[in-house]
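Colleague: Structure of the sequence below:
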Amino acid sequence: MSNYYDKVKDKEEKLTKKVVSLLRESGFNVHRISIEENNRGPDIEATYENGDVVIEIKAFHKNKGSLTPAFEQIRDYAKKGEEKWVITTSDVNPLFIPDDIRLFRGRDILEKIDKTKLNKKDIRWVREAEIKKDPDKLEIEKEVNEKKRSSSEFLTANQLSDMDSGNLDNINLDRLATDILNQIKLGNRTIPKIAEEIETPCSIVESKVKFLIEKDILSVKN
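Modeller: As a prediction, the model looks like this:
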């Protein structure tokens with residue numbers, strides 16, 4: 001597959017199928033799998049001895065991935081009394097894990113697979129695969145951005161002293177905003193690049209960037 005989005009879908013499907021196999025191997029009754037139903041809702045719904053659980057799947061590289069959107073999604077999907085799980089192939093430690101959500105990282109999945117007869121090949125591929133957008137498409141986007149000089153370009157933080165000292169408390173940011181500011185500190189100054197690095201849709205990053213600009217935390221260089 002050469003299409004970027006097809007490759008992303010392939011990663012998600014491989015991870016979902018492996019997680020479903022692992023759940024069934026562990027005695028869960030899986031009664032919803034999103035890749036089979038192709039509609040809005042949690043990636044997996046299942047029942048086990050402790051009750052019902054809804055699961056959000058995030059197929060990230062082992063060293064990348066922001067889980068803030070996943071935490072928000074699973075809360076939207078969960079009904080009263082259901083456990084909320086997020087399962088990812090990333091090993092990145094979020095700065096904050098909500099008390100009502102159970103997180104399983106890539107290394108947790110590998111450890112659980114080791115206790116079964118399941119093959120780890122697909123999980124390892126998802127963890128190692130770095131999927132980048134088509135270079136030709138990126139070049140076109142770059143040309144368009146250069147002409148527009150839009151808010152997708154040249155973001156800069158206005159409170160670098162707080163950021164450099166590691167003190168973000170005074171800015172009162174959520175985790176997605178913190179991820180964005182950290183990417184800017186690393187030198188990633190465009191929305192497409194930030195979205196790629198934290199593996200979050202551009203639309204979500206752009207919405208948060210607009211909020212940060214309104215709060216005078218970010219600005220756009222002309």
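
Colleague: contacts, neighbours, all on C-alpha from now
Modeller: Will do.

Colleague: what does stretch 67-78 rub up against?
Modeller: Outside stretch 67-78, the residues that touch it by Cα atoms under 8 Å, 6 or more residues apart in numbering are 41-42, 54-58, 84-86, 94, 98, 101, 175-176, 200.

Colleague: Kindly recompute the last result at 7 Å.
Modeller: Contacts of stretch 67-78 with the rest of the structure, by Cα atoms under 7 Å, 6 or more residues apart in numbering, involve Gly41, Pro42, Val54, Ile55, Glu56, Lys84, Val86, Arg175, Leu176.

Colleague: Of those, which is the most crowded?
Modeller: In terms of neighbours by other Cα atoms under 10 Å, those top out with Ile55 at 27 neighbours.

Colleague: That one: which element?
Modeller: Using DSSP states H and E, the element containing Ile55 is strand 51-58.

Colleague: And the next helix or strand after that strand, what's buried?
Modeller: Next along the chain after strand 51-58, taking DSSP H and E as the criterion, comes helix 68-77. Within helix 68-77, the residues that qualify as buried are Thr68, Ala70, Phe71, Gln73, Ile74, Arg75, Tyr77, counting by 16 or more other Cα atoms under 10 Å.

Colleague: just stretch 118-130 next, same as before
Modeller: The neighbour-count check on stretch 118-130 (16+ other Cα under 10 Å) flags Ile123, Arg124, Val126, Arg127 as buried.

Colleague: pull the CA atoms of it into PDB?
Modeller: What follows is stretch 118-130, C-alpha atoms only, in PDB (Å, rounded to 0.1, in the frame of the first residue of the first chain):
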ATOM      1  CA  LEU A 118      -0.200 -15.800  20.100                       C
ATOM      2  CA  ASN A 119       2.500 -14.400  17.700                       C
ATOM      3  CA  LYS A 120       4.000 -11.000  18.400                       C
ATOM      4  CA  LYS A 121       5.000 -10.300  14.800                       C
ATOM      5  CA  ASP A 122       2.100  -7.900  14.000                       C
ATOM      6  CA  ILE A 123       2.500  -6.000  17.300                       C
ATOM      7  CA  ARG A 124       6.200  -5.600  16.700                       C
ATOM      8  CA  TRP A 125       5.500  -4.300  13.200                       C
ATOM      9  CA  VAL A 126       3.000  -1.700  14.400                       C
ATOM     10  CA  ARG A 127       5.500  -0.500  17.100                       C
ATOM     11  CA  GLU A 128       8.400  -0.200  14.700                       C
ATOM     12  CA  ALA A 129       6.700   1.100  11.500                       C
ATOM     13  CA  GLU A 130       7.100   4.800  10.900                       C
END
